[in-house]
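S.K.: Curious how this folds, go ahead:
(chains A and B)
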Amino acid sequence: MSSNVNAKPNTLKAESAGSLALPRPGIRRPSNVSGGGSGNQDLSKQFRLGEAVIQFLLMVCGALSVLTTLSLIFVLLWESSKFFTAAVQPIVSFREFFSGTVWQPRIEQFGVLPLLNATLMVSGIAMLVALPLGLFAAILLSEYAPPRLRAALKPILEVLAGVPTVVYGYFALTFMTPSIRGLISTLSAVGPFAVILILAAIAALTWFLLTTGARRKARETADSQSNGGALILLGSLTGSVFFIGLLAAIGSLIFGSTVQIYNTASAGIVVGILVIPLVASMAEDALGAVPVALREAAYGLGGTRLETTLSVVVPSALSGITAAFIIAISRAIGETMIVAIAAGAGPKLTWNPFDSAETITGHINRISGGDISYNSIDYQSIFALAALLFFMTLLLNIFSRWIMRRFREVY
Amino acid sequence: MTTQTKAEAKTSGMPEGEELRRQIQQRKNRGQIWFSLFQLSLIIAIIALIILLSNIINQTFGLSAVENKIDPESLVQAAFEKTIVGRTDTTTSEDDATLSQSIAANPNAIGFLGYAYYREKADALRVLAVENVEPTEETVTDNSYPLSRPLFVYTSQETLKEKPQAAEFLNYYLDTVDSVIGEVGYFPVDQATLDAARATLAAATAAGDSEGEDNPIAISGSSTVYPLTAAIVESFQAAGYPGAITLESVGTKAGYAALCADRTADIANASRRMTRQEAAACSKNRRTPVEIQVGADALALVVSQENDWAQDLTLNEIQKLFTVAQNWSDVREGWPDEPIERFIPSLESGTLDFFVEKVYVDSYPLEEMPAASLKAMLLANISTGRARALEAQQPFDERNQAQMLELVRTEVVQPRVVASWNALPSLFNRSEIEARTLDDNPEAELHWKSWLSWEFLTSTQSSVPEYAGIRTAFLGTLWVMAIVILFSVPVGVGAAIYLEEYSKHGRINDILQTNIDNLAGVPSIIYGILGLTIFVRVLEPITSGKAFGLADPTTANGRTILAAGLTLGLLVLPIIIINAQEAIRAVPQAYREAGYGMGGTRWQVIRSHVLPSALPGILTGTILGISRAIGETAPVVVIGASTFITVDPNGPFSKFTVLPMQIFQWTTRPQPEFRHIAAAASIVLLILMFTLNGTAIYMRNRYSRK
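M.R.: Have a look, this model is predicted:
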């Protein structure tokens, strides 16, 4: 390459060098340039207005994102500081804000606990749904699925991730809630004794299907196909029916059999479905980054595919998987439309997932949806809530990135 | 479990023989079960997606019960009657004798009469065949003659039980009707029908407990059947019936109402069958209707004996004959070029109604009426104030037929969906839905309705779900999209270029990178709060357009398309930057070196080497970002999109609403019909998103394969 450069006229050489003024990796500065173009000849030193302007403009573009963050923090702190100081009546103290159990702006009660509690409940339910399903789906995609199947399945997950959240909210209100209500009312109509019997029967059926299926599958050889795989799949289907039934039965035992039209259970489950693709794709990236050599070592020691996956691949990818989980929690906490549609309006401190409760995001959404005046306490309260929300998600995001860096195995 | 096996292996050494086989078997089993668990997880995710989509489709289509304020058929009927009577060469008369005389005297004349009146003047008149069927006793009773109708008397099982004298009267009716009916001018029914009616009567009367024996028999209903019933009442009383009988002529519909709804009549005369809805109204009022056909009526289309060309007419020719045709030659080629002179019964008689109903209404639905008739219908049925208001919006004469039809529908017919169902119950539970509708809304008609329709796409917001559409929201989405593209694509790509090409390894780069990654994780509603403060309040002079003197006088606050576009632009900026960075990073270093080797400056190399080959990746990221922006609702709610707006947005400073906002609005309404249109709007939004995302995924796959 350097001989090529040498063959060209001197000016061109110099200009090419000039554009390389800043050190960049991968581009070696031709060693003969400084020697060839001495003094005035070195066009690289020449100031070019156009280039400078362009570089400045591009830097402004980059700086805009910093400006966004700064103004975000400034706006949230500034407006919520008005909320916590005496600028307007009444004064809300930090302590009152974080320890109060009533949020009712009408009577000047600003305890964030009911809203926070609902947010955490929705997120908790969502994680119960999304973590196992997302991780398992990621394991399947990364460790079991042949490349072609993976290529076909990944876009489906992406489609699921691309559905607008308002459509998920509609789904929660018009499908999930009626389903839960139907399930719970059926359970309470059938009676506890019959429920136990039915659940026991389903559990027994699951056990039978799984064990016989596995036995047959293991006996399966290339020339004699048995239906072991189908039996196992059927078994895990009845298993999930059992699981759902058990959860519903326990839920109705603890919280009673009335499910309100707006409830946190339905919103939480749908938020969980919403974040499955996020968990799955981040966890799959983490699993995929584990070197093949590790797997081969495990196989070489006689491990089955499951043993290799659970005791070698998943632990190796644990930092990435944890990061995915934390990002998912942060996403669930910030989710707005599903809870605004399905979880109900009106802050309520309740542990009952069949009861309606308003989350932080749902409350901001409802209050700002109306025509509020800019100097009302309502207006400032949503900034305090937004600041809380912002720092919660920010901390989670930073934490997730820290875990990723700190515990990442470098292969 | 796996650690346990390891531990076992450590302590007790490698198992052998049968034990080893068993252990391997166990491990394999465990592997299979877990594998199915993994499979199930993905299956559940896919099932969730399928249910999500099918739920929307389920809600978008289905049966709906529609109730009209005014029946469109009666509008058509009135319009044609008016046209026919309004012709200057049409003479109307209440007196049938005058009509038959006038027709007989004029070879160019034509007219129609009750068949009875034709028979009186059969020597001077000639009856025409319709659709090649002559009106004879046979063709009329079997209903093959097009201008015929059956005549009924209705009563109810309950009446027959309570009032034996009514049953007695009806039995007498059946016995004597055939001997009287000829004189009245109608056609008798055959003996079998009468016998069947007698049997019905006998069955219904069997167990009677006579409560109201002294009350008079009340008969109401059709004016057509009236003379027949009157003749029988006369002879019944002449035969020695001592009680009183009241007889009214109020029309068939009112007769049914008297029999069922009001229960003031014991017997209803009727010139048409009871409709499904009327029967349902009867049952609801605990009256089981009993139908007895007593005869048949027919219209005779007559010309003078001197008319030697017309022998028969088709329905189509009759339609022309009484409305648009001037001369006989207009009706059929070869007939004389003589003006047609029409002699018909006047508006007051039921005969004209019958004629118009049979000849016109069945073959002219409201949809096919010309704009002029629609205008006449409209003006006849709305207040003058309303008419003036509509005329002011756009003169009636400048509106086309479709627009006039729409006006007539919304202003006069006023169909209202009174109940609606989803697709699945509509398909599998139709009979129950029909029964429910008859019970709850007997007047309503069930239609299969697609809530997603062209009208839905093109009409504006409305408080009535059937008329509401997404036009405004869709345009709003397009405008906001345009602002997002104009703002965040140049800025995002610029930032990515700066990060990748100018400050690759520096402190600034680290700060920027961390910052962008964190911004990508900020909840969207926080961006709404930022937009509300910065764009709606602080920058109000700019976002409302006041600073440029372009403010929309109706809004003039910061809650505009521009504010929303900038807010969503900030929201998707990290997505666009991160994707563009990846695309730029993927450009091989050799390309740049080639550019520098040719003596290009840094910007020249970027512009002519880096950007072109990074373009597909940048575009992919941009599309993904925009599709995210389209689907976002929360920020738009927070910065204050209009909740009810019917004016199309006309620029960046207009107030606006967007599709997901509209869906959210409709979802939170209590009426079930709004759920249907929310689903329909979701389909539109999803199609938009899937098209964008699909393009992005396709581009990415194609690009990454290179």
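S.K.: Taking the centroid of chain A, which residue is nearest it?
M.R.: Nearest to the mean C-alpha position of chain A, by CA atoms, centre = their mean, lies residue A:328 at 2.3 Å.
S.K.: Tell me which residues of the one helix or strand it maps to come out buried.
M.R.: Applying DSSP states H and E as the criterion places residue A:328 in helix A:318-334. Across helix A:318-334, burial judged by 16 or more other CB atoms under 10 Å in any protein chain shown covers A:319-334. Where C-beta positions appear, they are placed from N, C-alpha and C, glycine not excepted.
S.K.: Show me where chain B dips below the pLDDT cut-off.
M.R.: Scanning chain B for pLDDT under 70 picks out the ranges B:1-13, B:205-214, B:348-350, B:551-556, B:704-706.
S.K.: Which residue is the nearest non-sequential neighbour of the residue of it found nearest chain A?
M.R.: Nearest residue of chain B to chain A (CB to the nearest CB) works out as residue B:523 at 2.5 Å. Nearest residue to residue B:523, sequence neighbours excluded (CB to CB, 6 or more residues apart in numbering or on different chains): residue A:334, at 2.5 Å.
S.K.: so does the biggest helix by length in chain A get close to chain B?
M.R.: For chain A, the longest helix by residue count, based on DSSP state H, is helix A:49-84. Yes - residues of helix A:49-84 contacting chain B under CB under 8 Å from any CB of the partner chain: A:50-51, A:54-55, A:57-66, A:68-69, A:71-72, A:75-76, A:79.
S.K.: so where do the strands sit in chain A?
M.R.: A:103-104, A:109-110 (DSSP state E).
S.K.: Partner strands of the last one and their direction?
M.R.: Strands flanking strand A:109-110 in the sheet, each with its direction: strand A:103-104 (antiparallel) (DSSP bridges).
S.K.: touching chain A at all, the longest helix belonging to chain B?
M.R.: Assignment by DSSP H gives helix B:17-60 as the longest helix of chain B. Yes - on the criterion CB under 8 Å from any CB, helix B:17-60 is in touch with chain A at B:25, B:27-42, B:44-46, B:48-49, B:51-52, B:55-56, B:59.
S.K.: of these, buried ones?
M.R.: By 16+ other CB under 10 Å, the residues of helix B:17-60 next to chain A give B:27-42, B:44-45, B:48-49, B:51-52, B:55-56, B:59 as buried.
S.K.: give me the residue from chain A nearest chain B.
M.R.: Using CB to the nearest CB, the closest approach of chain A to chain B is made by residue A:334 at 2.5 Å.
S.K.: my guess is that residue contacts residue B:525, does it?
M.R.: Yes - with contacts counted by CB atoms under 8 Å, residue A:334 reaches residue B:525, the gap being 6.8 Å.
S.K.: Give the residues shared as contacts by these two.
M.R.: Shared contacts of residue A:334 and residue B:525, defined by CB atoms under 8 Å, 6 or more residues apart in numbering or on different chains, comprise A:361, A:389.
S.K.: residue contacts, residue A:49?
M.R.: So residue A:49 contacts nothing (CB under 8 Å, 6+ apart).
S.K.: Quick check, pLDDT for it.
M.R.: Per-residue pLDDT puts residue A:49 at 83.
S.K.: Next one: it from residue B:340, what distance?
M.R.: Here the criterion is CB to CB, to the nearest Å. By it, residue A:49 lies 91 Å from residue B:340.
S.K.: now swap in residue A:77 and tell me
M.R.: Residue A:77 sits 89 Å away from residue B:340 when distances are taken as CB to CB.
S.K.: Contacts only, for the residue nearest to residue B:523.
M.R.: Residue A:334 sits next to A:361, A:389, A:393, B:522-526 when contact means CB under 8 Å, 6+ apart.
S.K.: Check residue B:437 too.
M.R.: Contact analysis of residue B:437 by CB under 8 Å, 6+ apart lists B:65, B:419, B:444, B:446.
S.K.: Report all helices and strands that the helix or strand encompassing the second one contacts.
M.R.: When elements are defined using DSSP H and E, residue B:419 is found to belong to strand B:416-420. When contacts are defined as 3 or more CB pairs under 8 Å, 6 or more residues apart in numbering or on different chains; DSSP states H and E, strand B:416-420 sits against strand B:61-67, helix B:430-440, helix B:672-705.
S.K.: mind putting those in CSV, distance to residue A:123 included?
M.R.: Below are those laid out as CSV (distance: least, CB to CB, whole Å):
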stretch, distance to residue A:123
strand B:61-67, 35
helix B:430-440, 41
helix B:672-705, 25
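S.K.: phi, psi of the spatially most central residue of chain B?
M.R.: Nearest residue to the geometric centre of chain B (CA atoms, centre = their mean): residue B:449, 5.0 Å. When read as degrees, to the nearest 10, the backbone of residue B:449 gives phi -120, psi 130.
S.K.: now it, nearest residue through space, not along the chain?
M.R.: Closest residue to residue B:449 apart from its sequence neighbours, by CB to CB, 6+ apart: residue B:64 at 4.4 Å.
S.K.: ok, now residue B:225?
M.R.: Once flanking residues are discounted, residue B:225 sits nearest to residue B:269: 3.6 Å by CB to CB, 6+ apart.
S.K.: Now do the SS call for that neighbour.
M.R.: Counting by DSSP: H, G, I helix; E, B strand; the rest coil, the backbone at residue B:269 sits in strand.
S.K.: How about the contacts made by it?
M.R.: Contact analysis of residue B:269 by CB under 8 Å, 6+ apart lists B:151-154, B:219-222, B:224-226, B:229, B:249, B:252, B:255.
S.K.: give me the beta-bridge partners of it?
M.R.: Beta-bridge partners of residue B:269, counted by DSSP bridges, are residue B:153, residue B:221.
S.K.: mind checking how far it is from residue B:244?
M.R.: As defined by CB to CB, residue B:269 lies at a distance of 18 Å from residue B:244.
S.K.: cool, and residue A:185?
M.R.: Distance of residue A:185 to residue B:244, given as CB to CB: 59 Å.
S.K.: related to what we said a few turns ago, the residue nearest to the centre of chain B: what's it in contact with?
M.R.: B:61-64, B:66, B:417, B:420.
S.K.: where along the stretch 301-450 of chain B do the helices fall?
M.R.: Here the stretch 301-450 of chain B has its helices, by DSSP state H, counting those that start in this stretch, at B:315-322, B:328-331, B:350-356, B:371-381, B:384-393, B:401-408, B:423-428, B:430-440.
S.K.: Deepest in the core, which of the ones you listed is it.
M.R.: Neighbour counts (mean count of other CB atoms under 10 Å in any protein chain shown) averaged over each of those peak at helix B:350-356, with a mean of 21.
S.K.: ok, and what's touching that helix?
M.R.: Residues contacting helix B:350-356 (CB under 8 Å, 6+ apart): B:77, B:80-81, B:84-85, B:112-114, B:147, B:149, B:222-224, B:251, B:271, B:297, B:299, B:344-346.
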